[in-house]
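Chemist: okay, sequence plus prediction incoming.
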Amino acid sequence: MEYVQPPAGTLTTSLAALAAGVQPATIRDWVRRGILTRCGGTTLRPVYRIEDVQAARAAAKPYSGNRRKGKAA
């Protein structure tokens, strides 16, 4: 069951992703890497503090793409 409205000051995974401008999989990856911690909810429906999501967005290493450096000709 999805929250109709998460507790005040918290975001679901989907809402956290929207707020951070990333995909929900990125939010789950930040949790796995220890950049973001859950503040409640259940195992399947975690919630995150808004401040923690903002801090994780600032702390996360920006994606540089899968670029290989080519040899100069």
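Modeler: Happy to help now that I have it. Predicted model, so just to flag it, every value in this text is computed and none were measured.

Chemist: what's the lowest-mean-pLDDT helix or strand in the chain in contact with?
Modeler: Within the chain, no helix or strand scores below strand 40-41, which has a mean of 90 by mean pLDDT, DSSP states H and E. Outside strand 40-41, the residues that touch it by Cβ atoms under 8 Å, 6 or more residues apart in numbering are 3, 6-7, 10, 12, 46-47. All C-beta atoms are positioned from the backbone trio N, CA, C, and that covers glycine.

Chemist: please redo it, this time with the cut-off set to 10 Å
Modeler: The contact list for strand 40-41, computed with Cβ atoms under 10 Å, 6 or more residues apart in numbering, reads 3, 6-7, 10, 12-13, 46-49.

Chemist: of those residues, buried ones?
Modeler: Neighbour-count burial (16 or more other Cβ atoms under 10 Å) is assigned, among the contacts of strand 40-41, to 6, 10, 12-13, 46-49.

Chemist: CSV for the residues you listed, including pLDDT?
Modeler: What follows is the buried ones among the contacts of strand 40-41, written out as CSV (pLDDT from 0 to 100):
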residue, pLDDT
P6, 78
T10, 93
T12, 94
T13, 95
P46, 94
V47, 95
Y48, 96
R49, 96
